[in-house]
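In: Sequence first, then the predicted structure, then my questions.
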Amino acid sequence: MKWKYFALLFAAALISASSSVQAQTGQPIIDKIDPPNWWTAMPSPMLLVHGEHLSEAHVTVSGSHISIEKTQSSPNGHWLFVWLRTAGARAQTLHITLSNASGKAETDFQLQQRKPSTAGFQGFSSADVMYLIMTDRFADGDPSNDGSAEEQAKPRGWHGGDFKGIEQHLDYLQSLGVTTVWTTPVYKNVPSPQSYHGYSATNMYAVDPHFGTLDDYRHLADALHRRGMKIVLDTVPNHVGPAHPWVADPPLPDWFHGTLEHHTIAKGDFKSLPDPHSSWLERRDVTEGWFANALPDLNQENPVVATYLIQNAVWWIETAGLDGLRIDTFPYVNRAFWQQFHTQLQDLFPRLTTVGEVFNGDPTITSYFAGGAAHNGIDTGLYTPFDFPIYFALRSVIIRHEPMTKLEEILRQDQLYPHPERLITFLGNHDTMRFLSEPGANIAELKMAFALLATLRGMPQIYSGDEIAMRGGDDPDNRRNFPGGFHDGQQDAFQSSGRTPEQEEVHHWVSTLLHLRSQHESLESGQQQDVLDEDPTAFAFLRAADVSHGCDGKDRIVVAINNANQTRTIRLPLADTALAGCSTLSPLTGSGAPAAATQDGFELQLGPQEAVLYQAR
């Protein structure tokens, strides 16, 4: 690998040495403009032009009610920024001309009409169920964009999953109870090797050809919207891939935090960020370091870089009618940028929602990044972070049999969040070991975990394959192909007839839970009251629209968990709880019998490692 590193350094040196000569010779050449198009009724765009001999070029733009505010070029003549003024302009084709003493280059630029608000932009909420798809590993719907058989056999290779493969299985997702699809990034990653995951962008305005075309992605978004479903795109304003052209030839000297030769390594310990007593050095190593010492860290403190990244998010949202964004590596970016980012997005897309990855199990840290509250005078504007604290707690109490009170300890800290009801809960994702591959985990425990996922406050997120009990260790083993999505000899788990008894058992359970959730508004958006929280092997809580009083004839759901290895009786008090006045609990799942209230409360008989949902009346 060292020779590649030094080759890149040598190429960068050659570019620098010849830049002054290139800038002065030859007619201008335009080979790329970011963004490739824009819209009316939006902030005026900043164009980033790439080509040759641009430093001395004179820029003109022909169009009605269009003008140029300013331009700025790189010394080597490879990059040119053009700030347009488009306020009040109608949809039209603009004609851009770059000229110098040696000649000129010309190109068209489309200023388009914005989509109607009905074309998407719905936002997600606690009433939804999000399903995470790693596009390359879900389903191969178009063999024409596949790599070689040798490539597909590599654990970190491109396996052939694409947008058409996802679209062909929307019936499966909808019947499961999914309402929102989150795909990993769709950016072009070629020629980065082993970048099937999409997080090593080489072009932030292009779709990777392994996944299909931009039209394929739009078609997928439209297909979801026709079903009343939603689409969420994974976006990465923190970094690009090491093979991005910017790395050897940045548009501005401070386009990145550091350079390929001289940079700090990003630290994943976020406790210094909310700590008012931490040093700037500690914080800098989080927000300015290169992730994994490999991914070039973008400098959002530079207003030109910030503008580029915000425009990029706007472009994808408007192009595909996105309903939301999942934001990668959220704490690694300065909070001031997030405030600017979300302010502009909310102005343009009022219903759009965002979820940020804050990979940390401490609610005092996770809550620091949630929008709705200012810290050090800055509100990130983030709709919600993922609930990593609940993720860690669920695995601890269910698989490792730590006291169930640990779960309540996390829930007790909901008061730290401006909107705990928005938190997105999950059992695992593409960066974690599969639940069933944890030492000692079993199917009964997975089913208990899903019962909690479907009923706790917040919005559940499922990683594709967990609903059919897939296994997988650490990356990349946790990213195996979905059975039935590829021509690899696996049975078709998209169909009931193709599932093993174990897969069918878990799939049926998850589908039952998600459909129950959709039938009870109290599970989708109700308040939560814990009615049994001091038992090391049991936990019970109630969901209702209003838990400030007892039974009132409205929807009330009780969830009871027995994490012991034997059948046991769980006693739920009535007095001074939202169960006061309730007379019966009727099971909605499992084989348990209805329970009648006594003077002391309810007595529930639960089997070993069993979760039961009850309707309270």
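Out: It's in. It should be emphasised that the depicted structure is a prediction, and the values quoted were computed from it without experimental measurement.
In: can you map out the helices along the stretch 251-400 of the chain?
Out: With helices called from DSSP state H, counting those that start in this stretch, the stretch 251-400 of the chain shows them at 280-287, 303-320, 335-348, 363-366, 388-394.
In: Just the residues contacting the last one, thanks.
Out: By Cβ atoms under 8 Å, 6 or more residues apart in numbering, the residues outside helix 388-394 that reach it are 358-363, 366, 406-407, 409-411, 413, 423, 425-428, 432, 449, 452-453, 456, 458. In this view, the C-beta of every residue, glycine as well, is placed from N, C-alpha and C.
In: Narrow those to those in strands?
Out: Among the contacts of helix 388-394, the ones falling in strands (DSSP state E) are T425, F426.
In: The helices of the stretch 251-400 of the chain: which one's closest to A139?
Out: Closest approach to A139 among those (Cβ to Cβ): helix 303-320, 19.3 Å.
In: Return the set of buried residues in the closest one.
Out: For helix 303-320, a neighbour-count test (16 or more other Cβ atoms under 10 Å) marks 304-320 as buried.
In: quick one: P389 from F541, how far?
Out: 17 Å (Cβ to Cβ, to the nearest Å).
In: For G526, give me its contacts.
Out: Here G526 is in contact with R543, A544, A545, V547, D555, I557 (criterion: Cβ under 8 Å, 6+ apart).
In: Let me know whether the fifth one touches E524 as I believe.
Out: Put plainly, it is D555. No: in this structure D555 lies outside contact range of E524 using Cβ atoms under 8 Å: 10.3 Å.
In: Centre-most residue in the protein?
Out: The structure's the chain has its C-alpha centroid closest to R326; by Cα atoms, centre = their mean the separation is 2.6 Å.
In: Which strand or helix spans the closest residue to that residue other than its chain neighbours?
Out: Once flanking residues are discounted, R326 sits nearest to D234: 4.7 Å by Cβ to Cβ, 6 or more residues apart in numbering. Per DSSP states H and E, D234 falls inside strand 230-235.
In: pLDDT on that strand, on average?
Out: Computed over strand 230-235, the mean pLDDT rounds to 98.
In: Only whichever of the contacts of helix 388-394 are buried, select them in PyMOL.
Out: Applying 16+ other Cβ under 10 Å to the contacts of helix 388-394, the buried members can be selected in PyMOL as follows:
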select buried, resi 358+359+360+361+362+363+366+406+407+410+411+423+425+426+427+428+432+449+452+453+456+458
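In: are any of the contacts of G526 buried, and which?
Out: R543, A544, V547, D555, I557.
In: ok, of those residues, which one's closest to E534?
Out: Using Cβ to Cβ, the buried ones among the contacts of G526 come closest to E534 at V547, 18.4 Å.
In: Please report how far I570 lies from A564.
Out: From I570 to A564 the distance is 10 Å (Cβ to Cβ).
In: Phi, psi for T500 please.
Out: T500 has phi and psi values of phi -70, psi 160 when expressed as degrees, to the nearest 10.
In: quick one: contacts for the closest residue to it other than its chain neighbours?
Out: For T500, ignoring the flanking residues on the chain, the nearest one in space by Cβ to Cβ, 6+ apart is Q491 at 7.4 Å. Residues in contact with Q491 (Cβ under 8 Å, 6+ apart) are P483, G484, G498, R499, T500.
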